[in-house]
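Q: Build me a model:
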Amino acid sequence: MNQSRQNNLIMILILIFGAAAGYFFYVSFGSSLEASVPVAAGPGRDSLGSFKNLKINFLESNIFDTFRTFGEYPVNPGSVGRKDLFAPF
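A: Numbers count the residues shown, from 1 in each chain. All right, here's what the predicted structure looks like:
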């Protein structure tokens, strides 16, 4: 057997062994590695009805009245960039 053929055979055997070991690891320990999320028990916890009357009016709060505008508004971009990007300097 020549050297390159032997190297290919070794690589294939390593890949097959790794795939088999990964499969057996997943089958034996896979279910114990998954995180379980506890389910909240009780009436009314399974629907979004508690958010029915929720109002978020953060734009009407006094905090946003204290903001000030700096510079010109709206922003004037002016003359930016070059007319022809590929023109020589």
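Q: And the helices in this protein?
A: 3-33 (DSSP state H).
Q: Any stretches of it with poor pLDDT?
A: 1, 30-47 (pLDDT under 70).
Q: Let's see that with 80 instead.
A: Residues of the chain meeting the criterion pLDDT under 80: 1, 29-69, 71-73, 75-82, 89.
Q: Figure out how far stretch 82-89 is from the centre of its chain.
A: The chain centroid and the centroid of stretch 82-89 are separated by 39 Å under Cα atoms, centre = their mean, to the nearest Å.
Q: do you know how far residue 72 is from residue 78?
A: 10 Å (Cβ to Cβ, to the nearest Å). In short, each C-beta sits where N, CA and C put it, glycine included.
Q: With residue 85 instead?
A: Counting by Cβ to Cβ, the gap from residue 85 to residue 78 is 18 Å.
Q: What's the separation between residue 15 and residue 89?
A: Distance from residue 15 to residue 89, counting by Cβ to Cβ: 56 Å.
Q: These two: who's more crowded?
A: Set side by side, residue 15 and residue 89 show more neighbours around residue 15, with 10 against 3, by other Cβ atoms under 10 Å.
Q: show me what contacts the more buried one?
A: By Cβ atoms under 8 Å, 6 or more residues apart in numbering, the contact set of residue 15 is empty.
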